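Colleague: Mind folding the following:
(chains A and B)
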Amino acid sequence: MSSRKGKSFIISLYVFIILVFLVVLLWIADFFISKGWLLYVEYDTTQALLNALFIIGLLTSFLIAYIVYTALERHRNRSTFVENTALQAALSSQQMLSRLYNDSPVPYLLIGEDGTIHYPNNAALRLFGAVPEEIEGTPFFEYISGEDQSHIDTLPSLFKRGNPINEEEVQILRKDGEYRWVILSLFSQQRGTDEEERGLVTLVDITERKKIDQAKTEFVSLASHQLRAPLSAIKWYTELLGDGSAGELLPKQERYVQKVYDGNERMINLVNTLLNVSRLELGTLPVDIEKVQPTEIVESVLEELQTQIIDRKQNIERNFDTTLLPINTDPKLLRMIAQNLLSNASKYTPIGGDISVSLQGGKNEIMFKVYDGGIGIPKNEQGGIFKKLFRANNATKSDVEGTGLGLYIVKKVTETLGGSISFESEEGKGTTFTVLLPR
Amino acid sequence: MYKILIIEDDIDLAEALEAKLQAADFEVTIAPNGEKGSEQIFTLKPDAIILDLVLPGDKDGIELLEEIRKDEWGKDVPILILTNMDDIDHISKAVEHEGSDYIIKSDTSLDKVVLRLKERLHI
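Modeller: Below is the predicted model:
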């Protein structure tokens, strides 16, 4: 600041000197003229004039120099003022950023090139259950673990390469030994303002959410287990009644017992369906891949549906590729797909109608087709057929039961197995569902 | 006559099984929990065991299963696992021991249970 003051002074001084120099030149000219060396001019008036000019010139130089000086000073003050204001603004926005960083409800911290923790904010300190000295400078990745440990182990090298880490679900080990589930994101800076800090880490605590998910899963398991107990009792005792174990039944009694049995079976199916839907939604459907012969499974499902098919006098045409090799899939899930499609085929096909089932193998996948000559799906309702709880109007009319969950489950399970499902249908004519599953 | 031991805490279900099995000419004993089951197994030495996985008390189905399999005689006795649980993780341990499938009670008729039992006994 003082150098600026000095600068204005020096500039003014130069201006002054130049002006004085010009004035001096004038005076020298005056001198030469007075000595008669320059001009043959009448000296007296010229001399007087020149003297006057000399004095005015000196004064003007002072004035000009002064004006220049004050102008420069004013400029300096203004720019100092502007500088001060800008600096203040910068300072206050830095303060604001600092406050934002420190008081953010989201845990932030910076990591250095070497992966060590720096500047944990208050939320981060709360998350780690630590004071700054306890975690400052410690290796960040050593606090991290997770379900897929082999994937978690790749994170430090991702960071070293400067790649961002996006929303990884990991566990943080707190200072008190407790684990918290978080969503970890890391933004690398190629060159920070301070060479030390290479990355900004954000951690979002989802421990509560995880606990709720776990509780949901446990609740579903428990509920279905509890519901199944009385359903099993009704199933078995109506079976015993029905087969005469408690004495011969009159035809009417037999009929009524059968109705109780059937109603109970519907309830059991509903519980199973709800359990599956819940698992699909929570992503907890277990998938156990093994070598499976698809024809065996489909045959077994057809056998299960025998009673229903015989009752409805329906014809089943089988078209199984006998050279079909086993595929790698989950037998329980394949069974689920077959059960849903085949029982639908029988349910929505009129008495005496036709159903055909085919299993063909390709190089990379197998094709499972179920055709039924049933009520079909109206064109304007085909878009919703795989949606949860969707039932086409003609389906509800022809069969009051039905949850609208079957096809939703089939689609989700097929996709879980890496396959796809499509259909063709015409109302009143029939429907063909095609399921493709990878080998 | 084949001796069957049913280890099941739900008395209604146990009696339904008993009625069916007796009608199929089996001699049936029922144990309502893990401890009683354990006693019966080694005194009765049944030809087959029908075992529920979820049992009250200190010994649950899986523990009992492991105990039976550790025993010299127990390691070969046919065990039919009955459950209403759907927790595959929990069940697969049991299935590993058995090398065969388990039965979900609400999905299996008594006829089928008898059929499966006969399969395991090679009747």
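Colleague: Now do the strands for the chain: every range, in order, please.
Modeller: Assuming you mean chain A. A:108-112, A:117-118, A:144-145, A:165-173, A:179-188, A:197-205, A:290-292, A:315-320, A:327-329, A:354-361, A:365-372, A:420-426, A:430-438 (DSSP state E).
Colleague: could you do chain B instead?
Modeller: Here chain B has its strands, by DSSP E, at B:3-7, B:27-31, B:48-52, B:79-83, B:103-104.
Colleague: Give me the buried stretch members for the first one, please.
Modeller: Same thing as strand B:3-7. Across strand B:3-7, burial judged by 16 or more other Cβ atoms under 10 Å in any protein chain shown covers B:Ile4, B:Leu5, B:Ile6, B:Ile7. Placement of C-beta: from N, CA and C, glycine included.
Colleague: ok so, going back, relative to chain A, tell me which of the strands of chain B wins on proximity.
Modeller: strand B:103-104 (7.6 Å; Cβ to the nearest Cβ).
Colleague: helices or strands up against that closest one?
Modeller: strand B:79-83, helix B:110-121 (3 or more Cβ pairs under 8 Å, 6 or more residues apart in numbering or on different chains; DSSP states H and E).
Colleague: Each with direction, which strands does that strand pair with?
Modeller: strand B:79-83 (parallel) (DSSP bridges).
Colleague: Specify the angle between the strand it pairs with and strand B:3-7 in degrees.
Modeller: If you take axes from the mean of the first three to the mean of the last three Cα atoms, to 10 degrees, strand B:79-83 sits at 30 degrees to strand B:3-7.
Colleague: Other residues contacting strand B:79-83?
Modeller: For strand B:79-83, contacts defined as Cβ atoms under 8 Å, 6 or more residues apart in numbering or on different chains pick out B:8, B:48-54, B:61, B:65, B:68, B:91, B:94-95, B:98, B:102-105, B:113, B:116-117, B:120.
Colleague: follow-up on the earlier one: ranking the helices and strands packed on strand B:103-104 by burial, who's on top?
Modeller: Counting by mean count of other Cβ atoms under 10 Å in any protein chain shown, strand B:79-83 has the highest mean neighbour count of the helices and strands packed on strand B:103-104, with a mean of 22.
Colleague: pLDDT averaged over that one - what is it?
Modeller: The average pLDDT for strand B:79-83 rounds to 89.
Colleague: Format the CA atom coordinates belonging to it as CSV.
Modeller: Extracted C-alpha coordinates of strand B:79-83, given in CSV (Å, rounded to 0.1, in the frame of the first residue of the first chain):
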residue,chain,number,x,y,z
ILE,B,79,-35.1,-88.0,8.1
LEU,B,80,-38.0,-86.2,6.4
ILE,B,81,-37.8,-82.5,7.1
LEU,B,82,-41.1,-80.7,7.4
THR,B,83,-41.4,-77.0,7.7
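Colleague: Go through the strands of chain B and name the closest to A:Pro378.
Modeller: Closest approach to A:Pro378 among these (Cβ to Cβ): strand B:103-104, 36.6 Å.
Colleague: okay, the helices and strands packed on strand B:103-104 in JSON lines with distance to A:Tyr261 next?
Modeller: Below are the helices and strands packed on strand B:103-104 laid out as JSON lines (distance: least, Cβ to Cβ, whole Å):
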{"stretch": "strand B:79-83", "distance to A:Tyr261": "19"}
{"stretch": "helix B:110-121", "distance to A:Tyr261": "12"}
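Colleague: still on that earlier bit, wait, which of the strands of chain A is closest to chain B?
Modeller: Once the strands of chain A are compared by Cβ to the nearest Cβ, strand A:290-292 is nearest, at 12.0 Å.
Colleague: Quick one: list the elements packing against that closest one.
Modeller: Using 3+ Cβ pairs under 8 Å, 6+ apart, strand A:290-292 is in contact with strand A:327-329, helix A:331-347.
Colleague: residue contacts, the spatially most central residue of chain A?
Modeller: For chain A, the residue sitting closest to the mean C-alpha position, by Cα atoms, centre = their mean, is A:Glu167 at 6.6 Å. Residues near A:Glu167 by Cβ under 8 Å, 6+ apart: A:Ile183, A:Leu184, A:Ser185.
Colleague: Among the residues you listed, find me the one that's closest to A:Pro132.
Modeller: A:Leu184 (20.1 Å).
Colleague: What residues are bridge-paired with the closest one?
Modeller: Beta-bridge partners for A:Leu184, by DSSP bridges, are A:Glu168, A:Leu203.
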